[in-house]
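Novice: Just the structure for this:
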Amino acid sequence: MAKKSISKGVIKDIVIVGIGVLVIWIGLQVAFGTQNPFYVVASGSMIPVLEVYDVLIVQGHEPFEEIEVGDIIVFNRPSDHNRVIVHRVASILDDDPRTLRTKGDANPASIPGTDFPITAEEYIGKVAYTLPQVGYVTQLLKPPINYVIIAVVIGIMVAKQMAKRKKEEANVPFSPKTETETLDEPSEEAKEELSDLNEMEMDSEYSEVKENSDVLEEIEKSVESKDQEDMPDNEPEKDNEEEKKE
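Specialist: Numbers count the residues shown, from 1 in each chain. Below you'll find the predicted structure:
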């Protein structure tokens, strides 16, 4: 039972943490207007402004039509859309449709197919905030370290549940009575019921005794009455004997 209770507690904690993370993530998506508001710098093309492992917070609500030269934007590589690029807008190539050219601050020139042409289709958002070197945390999430972290978190949850259970058991009042003694001793409610039954039985016995006594009295009266009827009348015989003597 203890193991089952602990496992249920751990599952409950994991579900709560998962729901909390999901709610926060959805809230960030809505607040910043993009499916992924966080990006980690993976190359040195924007050094010294952006270092490797800097975390970027991207604002997707910034309209593409309002992007100007000098803004740092995040976009999908136009040649194949299979890589995310963070570069600075170098020029506006066309206004209809609006087309941009970007360039990495550390690169000597713009790279065709990577830095241009950038349209609204490739645009993800404008860099709003930078968290320096926070991206090192992502290295901790790579195997096998991520599995170690997960194991530690689960271990903490298990320890928490065990401590909680011990605390609950310690708060239970101690009773010196054994289980047998507890079962043998009737409760107050049972005692009342037994008392009522005893009273009912006593009343029933009293009623039966009284009824029997009444029956006996009636029988005795009947016998006495019959005896009196059967007794011979001797006084007239005596009177006759006296008359004969005279």
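Novice: Quick check: buried residues in stretch 45-59?
Specialist: Neighbour counts using 16 or more other C-beta atoms under 10 Å place 45, 46, 50, 53, 54, 55, 56, 57, 58, 59 of stretch 45-59 among the buried residues. Backbone N, C-alpha and C define where each C-beta goes, glycine included.
Novice: Same check on stretch 63-79?
Specialist: Across stretch 63-79, burial judged by 16+ other C-beta under 10 Å covers 64, 67, 72, 73, 74, 75, 76, 77, 78.
Novice: Now intersect these with the strands, please.
Specialist: Taking DSSP state E as the definition of strands, the buried residues of stretch 63-79 contribute 72, 73, 74, 75, 76.
Novice: Let's have the buried residues of stretch 63-79 in TSV, adding pLDDT and distance to residue 98.
Specialist: Compiled in TSV, the buried residues of stretch 63-79 are given as follows (pLDDT from 0 to 100; distance: C-beta to C-beta, whole Å):
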residue	pLDDT	distance to residue 98
64	95	7
67	95	8
72	97	17
73	97	12
74	96	17
75	96	13
76	96	16
77	95	18
78	95	14
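Novice: what are the bridge partners for residue 75, then?
Specialist: residue 85, residue 123 (DSSP bridges).
Novice: wait, what's in contact with residue 160?
Specialist: Counting by C-beta atoms under 8 Å, 6 or more residues apart in numbering, residue 160 makes contact with 9, 13.
Novice: I'd guess it is in a helix, am I close?
Specialist: Yes: the assignment for residue 160 is a helix, going by DSSP: H, G, I helix; E, B strand; the rest coil.
Novice: Quick check: the gap between it and residue 166.
Specialist: Using C-beta to C-beta, to the nearest Å, residue 160 is found at 11 Å from residue 166.
Novice: Residue 129 now?
Specialist: Taking C-beta to C-beta, one finds residue 129 at 45 Å from residue 166.
Novice: With residue 94 instead?
Specialist: Taking C-beta to C-beta as the measure, residue 94 falls 71 Å from residue 166.
Novice: what pLDDT does residue 123 get?
Specialist: pLDDT for residue 123: 96.
Novice: And the helices in the chain?
Specialist: Ranges of helices in the chain, per DSSP state H, are 2-32, 136-140, 145-171, 179-184, 188-230, 235-245.
Novice: and the second one, what does it pack onto?
Specialist: With contacts taken as 3 or more C-beta pairs under 8 Å, 6 or more residues apart in numbering; DSSP states H and E, helix 136-140 sits against helix 145-171.
Novice: Which positions in the helix it packs on come out as buried?
Specialist: So helix 145-171, judged by 16+ other C-beta under 10 Å, has buried residues 157, 158, 161.
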